[in-house]
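Asker: starting from these lines, generate the structure:
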Amino acid sequence: MTDGSDPQVRGWCPGALRPMASGDGLVVRVRPRFARLTAAQGQGLCTLALRYGDGGLEMTNRANLQIYGVAAADHPALLDGLRALDLLDADETLEGRRNVLVAPATSRGTSPTA
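Answerer: Residues are numbered from 1 along each chain as shown. Predicted structure coming up:
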């Protein structure tokens, strides 16, 4: 029995390894480590969204990015692209639990509570 202080995972959210089906294809959520992207990763994500999705990237409230409209047949190639950009976890369970919330004004060396 828990006293309520232990974190509990409820439900699931789509990820890259476990996308969600929608009316126009798969929704693939990319969770950048530490909610940060390099310029190369950002450019690479744009290229992947254009090639395998509907061309857009949506930012979520938890600093994740979503690619919509991915055809099921293109999902493996998209995963290869994300892996090449170092944006893919090897473990589906870890990927599904890594939701990081970062204050938008936070920058390197600063504290969002300062």
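Asker: you'd agree Asp86 is in a helix?
Answerer: No - using DSSP: H, G, I helix; E, B strand; the rest coil, the assignment for Asp86 is coil, not a helix.
Asker: who's in contact with it?
Answerer: Going by CB atoms under 8 Å, 6 or more residues apart in numbering, Asp86 touches Gln41. Any C-beta I mention is one placed from the backbone N, CA and C, and that applies to glycine too.
Asker: try Leu57
Answerer: 45-46, 49, 65-67.
Asker: from these, which single one is nearest Val27?
Answerer: Nearest to Val27 among the contacts of Leu57: Gln66, at 5.8 Å, using CB to CB.
Asker: could you find the closest non-adjacent residue to Glu92?
Answerer: With CB to CB, 6 or more residues apart in numbering as the criterion, Glu92 has its nearest non-adjacent residue at 4.5 Å, and that residue is Leu17.
Asker: verify the stated contact: that neighbour with Leu88.
Answerer: Yes - with contact defined as CB atoms under 8 Å, Leu17 reaches Leu88; the gap is 7.2 Å.
Asker: in three-state terms, label the residue lying closest to Leu37 once chain neighbours are set aside for me.
Answerer: Spatial nearest neighbour of Leu37, excluding adjacent residues (CB to CB, 6+ apart): Leu45 at 7.2 Å. In three-state terms, and counting by three-state DSSP, Leu45 is helix.
Asker: how many neighbours does Leu45 have?
Answerer: 21 (other CB atoms under 10 Å).
Asker: residues contacting it?
Answerer: 30, 37, 57, 65, 67, 85, 87.
Asker: cool, and Asp24?
Answerer: Contacts of Asp24 (CB under 8 Å, 6+ apart): 54, 68-69.
Asker: mark which of the residues you listed are buried, thanks.
Answerer: 68-69 (16 or more other CB atoms under 10 Å).
Asker: list the buried residues of stretch 25-43.
Answerer: Those buried within stretch 25-43 under the rule 16+ other CB under 10 Å are 25-32, 37, 41.
Asker: narrow these to those in strands?
Answerer: Applying DSSP state E to the buried residues of stretch 25-43, the entries found in strands are 25-30.
Asker: which one of those sits closest to Asn61?
Answerer: Once CB to CB is applied, the member of these that ends up nearest Asn61 is Arg29, at 11.9 Å.
Asker: fine by me, thanks again.
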